[in-house]
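Novice: With the sequence up front, the predicted model follows.
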Amino acid sequence: MRVHFIAIGGAAMHNLAIALKVKKYHITGSDDIINDPSKSRLKSHELHPNELGWFHDRITNDIDAIVLGMHARADNPELLKAKELNLKIFSYPEFIYEQSKLKTRVVIGGSHGKTTITSMILHVMSFYEKDVDYMVGAQLEGFDVMVKLTEKNDFIVLEGDEYLSSPIDRRPKFHLYKPNIALISGISWDHINVFPTYEVYKKQFDIFIESIVEGGSITYNSEDLDTNEIVNKTSRSIRKFEYSSPDFFIRNGVTYLQTSEGELPLEIFGKHNLSNLMGAKWICQQMGVDEDDFYQAITSFKGASNRLEKVFTYKNSHVYKDFAHSPSKVKATVNAVKNQFEKHNVIACFELHTFSSLNSEFINEYKDTLDKADKAIVYFSKATLESKKLQEIDIKDIVAAFNKSGLLVFDDPLKLKEYLFSVNYNNSVLLMMSSGNFGNFNFSELQNLLLS
């Protein structure tokens, strides 16, 4: 089968392209910009385009399917040529569904925690050598490519993103998977550029529940009021499994889960992560792993890439990075770090990078999210504002929105770096939160500074 990817450099797209090549499909692709790690991975599998850009002559009648990524535009010349030739055009989630129609589809949804929960499930399955197909949006230790598609596996575990499917398919991705087993970790407003009000955003989760196959199940975080409401009002003939935060305590910098079998030491920490763990447990039980076996496996889970990931530790100084970008994620992550390191000075640095976070109407949603930090810093890039065609943001408005005493705001990456390199990190934790990269901030340089 010949498949051409338009926008092959995307985080999910390049993983799918590699997975299909492993299945012996003939894969080609195009993109106008490809950064690492996509660039290196595509090159290692001989899938990186010889020339960057869009070329309509790459689209020919012998292509069986086009997979269209969100990075492309509706007027993309390759897309227009594909339409002209009446080729089959799939969005990413449509293609995943076509590949998994005969499998038991496990879909993890929610505004936050879905990557971590999906990763936990895969970690447990790998621990017991239970082979499953999967698609997850972050790199997981021990996994080369984060998409796997086979003909033989019964289960496929999918991270259910609520963002749009493609430039010509405005449905959220998780509406297209038709899960047999579903989970919702919680609902908090995000993607304001697509869902202009919270009610519109919340409605997408109603639709997700309605998409569960008859006789399927929904596992849900009962501590989240809106999730609790929409799950319990559905009249669908589906099973419901609720979960909530477990009992735990912290001793000597280690988080222990309290179970019926005793105290269980964990590699991860944070109340939100322990809630995620309980959701993952219920899903694993539905996939054939009992509770005791789940607990045995999860003790070695170190977390997904960029999800409260330890960058390095030197003596009593610690540096963590996290993908947190929505208000609920930022608050949960800061609180988790402060609770874990209550005797340390927590320096929280957050980058406004997404459409929502850089929107002057949405930014007030960040009120009090940095409260637990001993020192709070916010960074934003004027270049990012321009590239997203958003209005300028006044630093005074940012300070007012976050409502954090002593908040520092930077819009120059060099000045941010200069400040962070001047801080005394003795008995401190630096927490860097962003879906961007803080103007290409170099963690290795900071590590070398501390070591010297």
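Specialist: Yes, it's here.
Novice: C-alpha from now on. contacts and neighbour counts both.
Specialist: Noted.
Novice: For the nearest residue to Ala11 once chain neighbours are set aside, what are phi and psi?
Specialist: Excluding the flanking residues, the one nearest Ala11 by Cα to Cα, 6 or more residues apart in numbering is Ser38, at 6.6 Å. Note on Ser38: its backbone torsions stand at phi -60, psi -40 [degrees, to the nearest 10].
Novice: give the contact list for Ala324.
Specialist: Neighbour list for Ala324: Arg307, Val330, Thr333, Met433, Ser434, Ser435 [criterion: Cα atoms under 8 Å, 6 or more residues apart in numbering].
Novice: swap that for Phe248, please
Specialist: Contacts were defined as Cα under 8 Å, 6+ apart; by that measure Phe248 touches Thr255, Tyr256, Leu257, Gln258.
Novice: now Asn335
Specialist: Gly270, Lys372, Ala373.
Novice: pLDDT added to these, as TSV?
Specialist: TSV is the format used below for these (pLDDT from 0 to 100):
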residue	pLDDT
Gly270	94
Lys372	97
Ala373	98
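Novice: With respect to Phe323, which of those is nearest?
Specialist: Gly270 (14.6 Å; Cα to Cα).
Novice: circling back: just checking, the residue nearest to Ala11 touches Gly9?
Specialist: Yes: the pair Ser38 / Gly9 is scored as a contact, 5.8 Å apart, by Cα atoms under 8 Å.
Novice: Now Ile363. Nearest residue, chain neighbours left out?
Specialist: Nearest non-adjacent residue to Ile363 (Cα to Cα, 6+ apart): Ser357, at 5.6 Å.
Novice: again but with Ala373, I slipped
Specialist: Ranked by Cα to Cα, 6+ apart and with sequence neighbours excluded, the top spatial neighbour of Ala373 is Val346, at 5.3 Å.
Novice: How about Tyr25: what's its closest non-neighbour residue?
Specialist: What sits nearest to Tyr25 in space, not counting adjacent residues and going by Cα to Cα, 6+ apart, is Met1, at 5.2 Å.
Novice: Relative to its centre, which residue of this protein is most distant?
Specialist: Asn61 (35.8 Å; Cα atoms, centre = their mean).
Novice: Can you get me a residue count around the residue lying closest to that one once chain neighbours are set aside?
Specialist: Once flanking residues are discounted, Asn61 sits nearest to Leu85: 6.7 Å by Cα to Cα, 6+ apart. Neighbours of Leu85 under the rule other Cα atoms under 10 Å: 13.
Novice: can you pull out the helices in the protein?
Specialist: Secondary structure of the chain (DSSP state H): helices at 11-22, 38-44, 77-84, 92-100, 114-127, 198-210, 225-233, 271-286, 291-298, 327-340, 382-387, 395-402, 413-422, 443-451.
Novice: Residue ranges in the chain under the pLDDT threshold?
Specialist: Within the chain, no stretch has pLDDT under 70.
Novice: Kindly report the domain assignment for it.
Specialist: 2-87, 95-298, 309-451 (automatic domain parsing).
Novice: Endpoint to endpoint, the longest one covers what distance?
Specialist: End-to-end distance of domain 95-298: 31 Å, with Cα to Cα, to the nearest Å as the criterion.
Novice: Kindly report the same for the last one.
Specialist: Taking Cα to Cα, the span from the opening residue of domain 309-451 to its closing residue is 20 Å.
Novice: Run the chain-centre distance for that domain.
Specialist: The chain centroid and the centroid of domain 309-451 are separated by 18 Å under Cα atoms, centre = their mean, to the nearest Å.
Novice: My guess is Gly406 contacts Val378. True?
Specialist: No: taking contacts as Cα under 8 Å, Gly406 lies outside contact range of Val378: 11.2 Å.
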